[in-house]
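> got a predicted model here, sequence first, then my questions.
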Amino acid sequence: MQFLFAWRYFRAKKSTNVINIIAWICIVAIMIGTAALILVLSVFNGFEGLVKSLYSSFYPDIRVSPASGKYLTLDEKQLQQLRGIGGLRSFSLVVEEKAILRNGDNQALVSLKGVDDRFKTVNGITSHMVNGRFDIGTAAHPKLVVGGGIEGSLGIRSTPKAEPISIYIPRKSESEAFDAASNITPDTIRSAGTFVIQQDFDNKYALTQIDFLKQAMGLDAGAFSAIEIAVTDPSATAKIQQAIQQLFGKNYKVQDRYQQNQSLYSIMNLERWVFYAILSLILVVAAFNMVGALTMLVLEKQKDISVLNALGANRGFILKVFLSEGFLLATIGGGMGMLLALLLVVLQQQFHLVPLQGGSFLIDYFPVTLKLRDFLLVAVTVSVIAFIASWTPARKASRKEFSLKAE
């Protein structure tokens, strides 16, 4: 019943056009604010999905590393127990250390990662090869797979017939005194392939054969930096992570992909909420227009309120009528904004209307992804702001005493 009165008040002809103008300004402001919120959240969804896909090409679903120190020690019994955990698709043993690559006058400090043949089964790195192929060689004849940034800084071209480059690998030493002759292993190695994923990886990592790296570092046979694991069902990651933690105990860190990149995801999530809060100010501005529109409507409908009082309508009924009027304005504006945002997102997905400037990213347009939770969040936000904005004029209307007598 209250909504019916609100709808009639919205459609009815007013004594002055100012009330209609303010009401439609309010609707347009809510429409713009709603559309802006959904569009920005959709862009964040798009970038978040893109970043996660890039990081999943290098980081595993689960990573086991030592809780303290650089290396963990594994025996065949532990590996056999790990294989017995349900839901594991594959796992790879890795060793990581800093090294220097040198080609003539060009050199680069890299994170050299020794990996086994199963490494490419726990991530999607092979789909990001741009030169050569993914080939780490053997312990006797090792090869390199380098990031695109490293390839550029060394001035090399990764091919199966590439010229060898110099590599310097630090050896494990119990002595605190550094001696280049005994603490550095020099060697030569060929670059077989180049990957391009994201600058954080492309400028940092080079991959080689794990046994070659362990021999060069002087590591024991059972010493590793980490175990990288791929799961069959990503939705079961938490359960598998718990089982692995129980297997290895508190001396090991067992991290999922979010925990491996917690700072990155935390920053992305913080940015999302900061932009959400800033753009919500547009809706707050619209709320001021709503207060003005409802206040003038209350003055316009003084006699109507008096008639309703005479017919037995209580203060609560009058309050609900004008609250409904505020929600009606918000619903029209919010609905139009959601439809506008939906249309723009679909057009961006199909025709890439808004490009990314600079040309240094993997894509040349803003990625956008619609999610139902964003529509629900914005709808709740609009409703809360509409309620707050409508409360004061609606409460004043319900408390006023009007008379049907002519002045």
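That came in fine, so what should we check first? Residues are numbered from 1 along each chain as shown.
> distance from the one helix or strand M338 maps to to the middle of the chain?
Using DSSP states H and E, M338 maps to helix 315-351. In terms of C-alpha atoms, centre = their mean, to the nearest Å, the centre of helix 315-351 is found 27 Å from the chain centre.
> who are the packing partners of it?
The contact analysis (3 or more C-beta pairs under 8 Å, 6 or more residues apart in numbering; DSSP states H and E) places helix 315-351 against helix 2-11, helix 17-56, helix 262-300, helix 302-310, helix 372-399. Just so you know, the C-beta spots here come from the backbone N, C-alpha and C atoms, and that holds for glycine as well.
> buried stuff in it?
Buried residues in helix 315-351, counted by 16 or more other C-beta atoms under 10 Å: 317-338, 340-342, 344-345, 348-349.
> okay, now S90: neighbour count?
For S90, the count of nearby residues is 18 (other C-beta atoms under 10 Å).
> nearest residue to it in space, please, no chain neighbours.
Distances taken as C-beta to C-beta, 6 or more residues apart in numbering place T121 nearest to S90, at 4.2 Å, with adjacent residues excluded.
> where does the one you found land on pLDDT?
We have a pLDDT of 95 for T121.
> and N314, by the same measure?
Confidence score, pLDDT, at N314: 80.
> from V51, how far out is it?
N314 sits at a distance of 56 Å from V51 (criterion: C-beta to C-beta, to the nearest Å).
> need phi/psi at the nearest residue to G87 once chain neighbours are set aside.
Distance criterion C-beta to C-beta, 6+ apart; nearest residue to G87, sequence neighbours excluded, is I240 at 4.7 Å. Backbone torsions of I240, given as degrees, to the nearest 10, read phi -70, psi -40.
> I240 is in contact with L82, isn't it?
No - between I240 and L82 there is no contact under C-beta atoms under 8 Å: 10.6 Å.
> mutual contacts of the two, please.
L88 (C-beta atoms under 8 Å, 6 or more residues apart in numbering).
> who has more neighbours, these two?
I240 (22 against 18).
> need the contact list for that one.
I62, I85, G86, G87, L88, I229, V231.
> next, count neighbours for the closest residue to G104 other than its chain neighbours.
Closest residue in space to G104, ignoring its immediate chain neighbours: G155 at 7.3 Å, by C-beta to C-beta, 6+ apart. By other C-beta under 10 Å, the residues close to G155 number 11.
> next: K400.
Neighbours of K400 (other C-beta under 10 Å): 15.
> contact partners for the nearest residue to it once chain neighbours are set aside?
With sequence-adjacent residues excluded and distances taken as C-beta to C-beta, 6+ apart, K400 is closest to I305, at 7.0 Å. By C-beta under 8 Å, 6+ apart, the residues touching I305 are V298, I318, A397, K400, F402.
> only the buried residues of stretch 208-227, if you could.
Buried-residue list, stretch 208-227, by 16+ other C-beta under 10 Å: 208-217, 219, 223-227.
> which two among those are spaced furthest apart?
Pairwise distances across the buried residues of stretch 208-227 (C-beta to C-beta) peak at 20.9 Å, for the pair A216 and I227.
> from the centroid of the chain, which residue is nearest?
E48 (2.9 Å; C-alpha atoms, centre = their mean).
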